[in-house]
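# Here is a sequence with its predicted model. Questions after.
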Amino acid sequence: MRSDYHNHLEKGTLTLDYLERFLHEAKEKGIEEFGISEHAYHFYQTKDILRNPWVDERRYYDMNDYVSLFHQAWEKGYNLKMSIEMDYTPGKHKEMEKFIQSYDFDYVIGSVHWVGDFGIDLAEYRKEWEIRDVKDVYEKYYDQIVTLAESNLFHIVGHLDLVKIFGYIPKDKDFLLEQYERATDALAKSKTCVEISTAGLRKPIGEMYPDPELLQMCFNKNIPIVLSSDAHEPEHVGYEYDRAVDFAKSIGYSSIATFNKGKMKMQPLT
């Protein structure tokens, strides 16, 4: 079983023709479980959850059109999972829960992209890393990972150590491992899976998410995994999946989680 649960249509259109390009790529690469998980901030229905100038300029979809697209695909017989990737937003648990429960998602990805007003993975904010305290950013980032897990609103946490994307990593190894420990402790007590994401191979850091030591902690604490490419264009679906599978197996994983209408099922990792 191979799955790819983290994919975006935002560089194209919410049309069946564009979606079919992703589905075709998934079929070509032997991916049996495929899902689209567009960024929630693009939708008008999330304007009461995450607001800032960068996000507000990019809020241009309606959830009715999104859901309709999945129904068009299902009517044509496609095996397609409906999901969303939601920016975990502290202080907005009720609003996030209301939004999530309003739609019949197969699974929901929760991710941390913002530390306060700092878009940690955005090229527009990259220079901010030079003037901020890296340890402070990491601590606040993992604070959110912990409360994301504790909220139990999400089935999957996206790119668990995204904060390393530009290669800014605390030199204090004990501090870093402490962040990993508290994040995985919280995840182990939740329903939240962790994704092995090959997207980091396409980013400045040049390595998968999560870090091997972090993934080893996940395995040791029995936290399930899913596979993801975080594709924003069709050709990146299933990107470098052989490396992802080898990585998972090297840590000790032999199964992955799959989802259907919010219910998890474990499948052999092949």
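Received the coordinates, thanks. Here the structure is a predicted model, which means the values were calculated and not measured. Numbers count the residues shown, from 1 in each chain.
# Now do the contacts for the nearest residue to residue 239 once chain neighbours are set aside.
In this structure, residue 239 finds its nearest non-sequential neighbour in residue 229, 4.3 Å apart by C-beta to C-beta, 6 or more residues apart in numbering. Heads up, the C-betas are built off the backbone N, CA and C, glycines and all. Taking C-beta atoms under 8 Å, 6 or more residues apart in numbering as the criterion, residue 229 is in contact with 4, 6, 7, 197, 198, 199, 236, 237, 238, 239, 240, 241.
# Please repeat the previous calculation with a cut-off of 10 Å.
Shown in contact with residue 229 (C-beta atoms under 10 Å, 6 or more residues apart in numbering): 4-7, 25-26, 29, 31, 195, 197-199, 201-202, 236-241, 244.
# how close does it sit to residue 28?
13 Å (C-beta to C-beta, to the nearest Å).
# Could you do residue 187 as well?
Counting by C-beta to C-beta, the gap between residue 187 and residue 28 amounts to 33 Å.
# ok, which stretches of the stretch 101-250 of the chain are strands?
All strands of the stretch 101-250 of the chain, identified by DSSP state E, counting those that start in this stretch, fall at 107-111, 114-115, 118-119, 156-157, 193-197, 225-228.
# Make CSV from those and add mean neighbour count and distance to residue 14 to it.
Rendered in CSV, the data for the strands of the stretch 101-250 of the chain read as follows (neighbours: other C-beta atoms under 10 Å; distance: least, C-beta to C-beta, whole Å):
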stretch, mean neighbour count, distance to residue 14
strand 107-111, 25, 18
strand 114-115, 21, 24
strand 118-119, 16, 24
strand 156-157, 27, 22
strand 193-197, 26, 23
strand 225-228, 25, 20
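# Kindly reformat those as a markdown table containing mean pLDDT and distance to residue 213.
Conversion of these to a markdown table gives the following (pLDDT from 0 to 100; distance: least, C-beta to C-beta, whole Å):
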| stretch | mean pLDDT | distance to residue 213 |
| --- | --- | --- |
| strand 107-111 | 98 | 21 |
| strand 114-115 | 98 | 22 |
| strand 118-119 | 98 | 25 |
| strand 156-157 | 98 | 17 |
| strand 193-197 | 98 | 13 |
| strand 225-228 | 97 | 15 |
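# returning to that earlier point: buried ones among the contacts of residue 229?
Applying 16 or more other C-beta atoms under 10 Å to the contacts of residue 229, the neighbour count classes 4-7, 25-26, 31, 195, 197-199, 201, 236-241, 244 as buried.
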